[in-house]
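Visitor: the sequence and its predicted three-dimensional model are supplied below.
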Amino acid sequence: MRRARGGRRVQVPLALLLPAVAVVALALLPLVYLVLRAAGGGGHGLELLWRRNTLELLWSTGLLVVSVTAASVAIGVTLAWLVTRTDLPGRRAWAVAAALPLVIPSYVAAFCLLGALGPRGLAQQVLGVERLPEIYGYWGALAALTLSTYPYVLLLTSAALRGVDPAQEEAARGLGTPAREVFRRVTLPAVRPSIGAGALLVALYTLSDFGVVSLMRYDALTRAIYLQYRSLFDRAPAAVLALVLVALTALVLLLEGRSRRRTHRSSPGVARRLHPHPLGRWTLPALGFCAAVLGCFLVLPATVLVVWLARGLERSDWPWSETLNSISASALAAGAAALAALPVALLARRHPSRWTRLLERLSFTGNALPGIVIALSLVFFAANYASPVYQTLALLVFAYVVRFLPQALAGVESSLAAVSPRVEEAARALGRGPVVTTVTVTVPLIRSGILAGAALVFLSAMKELPATLLLRPIGFDTLATDIWRFTSVGAYSEAALPALLLIAVSAPFVYLLSGRHEPEATEHG
Amino acid sequence: MRKITGMVAMLFLAAGCGGSESGDSGALVVYSGREEELVAPLFERFEKETGIEVEVRYADSAELAATIAEEGDNSPADVFFGQDPGSLGAVSDRLAELPEEILARVDARFRGGDRWVGTSGRTRVIVYNTDALSEDDVPDSVFDLVDSRWQGKIGIAPTNASFQAFVTAMRLDVGEERTRQWLEGVMANEPKFYEKNTPVVEAAASGEIAVGLVNHYYLYLVRAEQGEDTPIENHYLAGDDPGALVTVAGAGVREGADNRENGERFVEFLLSDESQRFYTEEAEEAEIPLVEGIEPKEGVPSLDELSGAGPDVDFTRFGEELERTLELLNETGYTS
């Protein structure tokens, strides 16, 4: 066992510090913009803050964040344990399928839930009932957001479960500890950082989401921010509300940082798999649970989309160039985000101090801000100070990186934590410089983590809408903007095709993320 | 390393095929808050007719107005084509004076001073479910909606610009106090809130609500999606009722625009007889032409029939009045 902060104090190499600082500085642009706008309004914005029911907004936002995170952790961790640690029949297929809802944009999920369970929706038509319980509001928002975020917890937790040294669990079992206690006292602490990282992504997503809360008519902070932008053309009050959101984000980051500090990690002695836990009479309930989750979160929305598609297929053109645009912009964003995350992650993990940790946390700001804030801040900076890049693909990719950097960080950091710094120290001792060591030793070792982070960013960028609308080059239509174009005039049947294409293009990346290359757990007992 | 560089270059190239680079191409740049599904044919016709290339950025009207404000003097936009007087008013101090012959095409009450001009009109209506109500059951005045018989049956989009414009008009017309009473009276009937006009009309079609306060043309959009036999109909309100407000979508040319002349040609084109007829003959949404002598689609009242309809209010005041309207909506519980 070792602690990450162990070893002698090494001076932070400039080759690492400079790029890390540059990345974080760029990621902070939206925050700078908000402060500028809020200050520009004088006391006006603040005054509005007191007049409006800001406390109520904070409460409803907090409630939603806590419930979505709790639901995602409950579903995600249970599924992760079932597909990695038990003899659940067909668990490799379940592992991929259960992660698939990640590719459904949350606003599409909300549309689908409304189409299925809303008034006069498919469910009512099929079941022939007069009324279903009201889906709008808290429950609808909770369902749609959980659907699109629990895969974060599932993916990060199953990756961690696969990486835990089986010897510890075997030792505990050998000492006669009951299975439940082994899980609680040995397994859970080992994967807690990954659960925390997943929960953080869920919480940040929920904080920043606008599509779901607006469709489900749930009063969250983001909705209030959008309404301010849309109806009051004075931008100061919206900026003040957005800063309130930033404060809430800081609180979430603080909580997650605390849970992380109390953990330590061990690396597996040998690469081998734990004997799977027999489910026995729990097999059927477990299968039922998986089926229920997938039925609600994958089959239901997909069915709605297919029904809509059948209704409008003859009117739809195949959006080929939109598909190509979505893929290329998202792929560039994925690559750039992984590259940007590397120095920040290396600095935070290999040179841990209060300052490097703060630097890493600061890069999370963009992720919790609603897309409109990111978009307008970059409109302001680029149009006025970097006009050659304004409305180019490069700026759009940059916006994606600012929004989704934490997802790349989650991937890079989780694999970095599993690689012992001793390896790097050995390389340094053999006379290699810090940069060469990083490129030739560290990067190849954490390749899978970098790829996982990049894949997460790719999937998010495919789904991104608000910043895309304002920052894309003129005429650069993506699948997400296509969906928006049709749903904004109520033409759901025509929105179904781009939505299904988006899902189809993204799905292979989930396969990649769900760790298909892991050996079958039963191969070596 | 070379492989990676090659891949990045390829991605940029692939993406380049789909989008056209804006900037020095000399094309006319239009920021359109009006939906692509509704107005794209107009742009195509303009291109064909004049040979001027047009690049359109589609997004929400208010977000585009905010974008133009953030861009400042570096804005690439030549023309702003806005969905409502509110967003047009918000950018009007960044718009250039329009030539007299363009302004003269449209009645002065449908213009924002000399900065922007209305290009199509719409009127507020009560949309209703024809299975639940006959036309006679639907009130002729919005003031009747405070009656308790509408308990739980009203649909509203309180956060939408068109509803807010209607409340502003009511305030200017019948005064603050009566507007507040009306808002409180309707609130006592527990109306259902929606994000935009389209979902309100959809809710009327599904029977979730019996009546909804919307712009007239969304009916046609929902019918296009759900079928002509969808059980919904518009009820046009009586003469001077504030609920019969006539508002406009409009366009203006940005001050300092690179293509000011072509921008003016485009606005002029929107007001040509041919483009005005587009709303009556082809477009799904059946808006009301603003140029004299062009009749709207069958079943939609013409400007003449609507003349004197709705409150007599000045659009240019909507911008400055909006804040007070929002406060009122906030105080009466319509928005948070």
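Guide: Perfect, thanks for sending it.
Visitor: up against chain B, what does the stretch 351-500 of chain A have?
Guide: A:372, A:375-376, A:379-380, A:383-384, A:387, A:390-393, A:469-470, A:472-477, A:481, A:485-486, A:488-493 (C-beta under 8 Å from any C-beta of the partner chain). The way it works is simple: take the backbone N, C-alpha and C, and place the C-beta from them, glycine included.
Visitor: residue of the stretch 201-336 of chain B nearest chain A, please.
Guide: The stretch 201-336 of chain B approaches chain A most closely through residue B:206 (3.5 Å), counting by C-beta to the nearest C-beta.
Visitor: count of residues packed around that residue?
Guide: 18 (other C-beta atoms under 10 Å in any protein chain shown).
Visitor: quick check: pLDDT value at it.
Guide: The predicted structure scores residue B:206 at 88 on the pLDDT scale.
Visitor: closest residue of chain A to chain B?
Guide: For chain A, the nearest residue to chain B under the criterion C-beta to the nearest C-beta is residue A:476, separated by 3.0 Å.
Visitor: wait, doesn't that residue sit right on residue A:394?
Guide: No - with contact defined as C-beta atoms under 8 Å, residue A:476 and residue A:394 do not form a contacting pair (12.0 Å).
Visitor: neighbour-wise, which of the two wins?
Guide: residue A:476 (27 against 17).
Visitor: for the more buried one, grab phi and psi.
Guide: Backbone dihedrals for residue A:476, given as degrees, to the nearest 10, come out at phi -90, psi 90.
Visitor: one more: residue B:333?
Guide: When quoted as degrees, to the nearest 10, the phi and psi of residue B:333 stand at phi 90, psi 10.
Visitor: for it, which residues are in contact?
Guide: Taking C-beta atoms under 8 Å, 6 or more residues apart in numbering or on different chains as the criterion, residue B:333 is in contact with residue B:187.
Visitor: so for it, what's the pLDDT?
Guide: pLDDT, read off for residue B:333, is 85.
Visitor: what of residue A:5?
Guide: Listed pLDDT for residue A:5 reads 45.
Visitor: re earlier: was I right about the residue of the stretch 201-336 of chain B closest to chain A contacting residue A:119?
Guide: Yes - counting by C-beta under 8 Å, residue B:206 sits close enough to residue A:119 to count as a contact (5.1 Å).
Visitor: pLDDT weak spots in the stretch 101-250 of chain B?
Guide: Applying pLDDT under 70 to the predicted model, the stretch 101-250 of chain B contains no residue that meets it.
Visitor: and the stretch 101-250 of chain A, by the same measure?
Guide: Residues of the stretch 101-250 of chain A meeting the criterion pLDDT under 70: A:120, A:129-132, A:232-233.
Visitor: for it, which residues are neighbours of chain B?
Guide: Taking C-beta under 8 Å from any C-beta as the criterion, the contact residues of the stretch 101-250 of chain A with chain B come out as A:119-120, A:214-215, A:217, A:219, A:224, A:227, A:229-235.
Visitor: hmm, which of these are the buried ones?
Guide: Listed as buried from those are A:119, A:214-215, A:217, A:219, A:224, A:227, A:229-235; burial here means 16 or more other C-beta atoms under 10 Å in any protein chain shown.
Visitor: narrow those to those in strands?
Guide: Counting by DSSP state E, those place none of their members in strands.
Visitor: quick one: the strands in chain B, in order.
Guide: Listed from the start of the chain, chain B has strands (DSSP E) covering B:28-32, B:54-58, B:79-82, B:111-112, B:116-129, B:154-156, B:192-193, B:211-215, B:232-236, B:246-253.
Visitor: which other helices and strands contact the second one?
Guide: To tie it back to what came earlier, the one meant is strand B:54-58. The elements that strand B:54-58 packs onto, with contact taken as 3 or more C-beta pairs under 8 Å, 6 or more residues apart in numbering or on different chains; DSSP states H and E, are strand B:28-32, helix B:36-50.
Visitor: same check on the third one?
Guide: When contacts are defined as 3+ C-beta pairs under 8 Å, 6+ apart, strand B:79-82 sits against strand B:28-32, helix B:61-71, helix B:85-91, strand B:116-129, strand B:246-253, helix B:260-270.
Visitor: kindly export it (C-alpha atoms) in PDB.
Guide: Taking only C-alpha atoms (Å, rounded to 0.1, in the frame of the first residue of the first chain), the coordinates of strand B:79-82 have been written out as PDB:
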ATOM      1  CA  VAL B  79     -29.600  41.400 -40.700                       C
ATOM      2  CA  PHE B  80     -31.500  40.400 -37.600                       C
ATOM      3  CA  PHE B  81     -34.800  38.500 -38.300                       C
ATOM      4  CA  GLY B  82     -36.600  38.400 -35.000                       C
END
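Visitor: can you list contacts of it?
Guide: The contact list for strand B:79-82 (C-beta under 8 Å, 6+ apart) reads B:28-34, B:39, B:61, B:64-65, B:68, B:88, B:91, B:95, B:116, B:119, B:249-254, B:257, B:263, B:266-267, B:270.
Visitor: number of nearby residues for residue 216?
Guide: Using chain A here. The local packing of residue A:216 (other C-beta under 10 Å) involves 25 other residues.
Visitor: not quite, go with chain B.
Guide: Close neighbours of residue B:216, defined as other C-beta under 10 Å, add up to 26.
Visitor: enumerate every residue touching the most centrally placed residue in chain A.
Guide: Within chain A, one residue has its C-alpha closest to the average C-alpha position: by C-alpha atoms, centre = their mean, that is residue A:201, at 4.5 Å. Listed by C-beta under 8 Å, 6+ apart, the contact partners of residue A:201 are A:149, A:152, A:156, A:367, A:406-407, A:410.
Visitor: closest to residue A:315 among those residues?
Guide: The closest of these to residue A:315 turns out to be residue A:149 (C-beta to C-beta; 32.7 Å).
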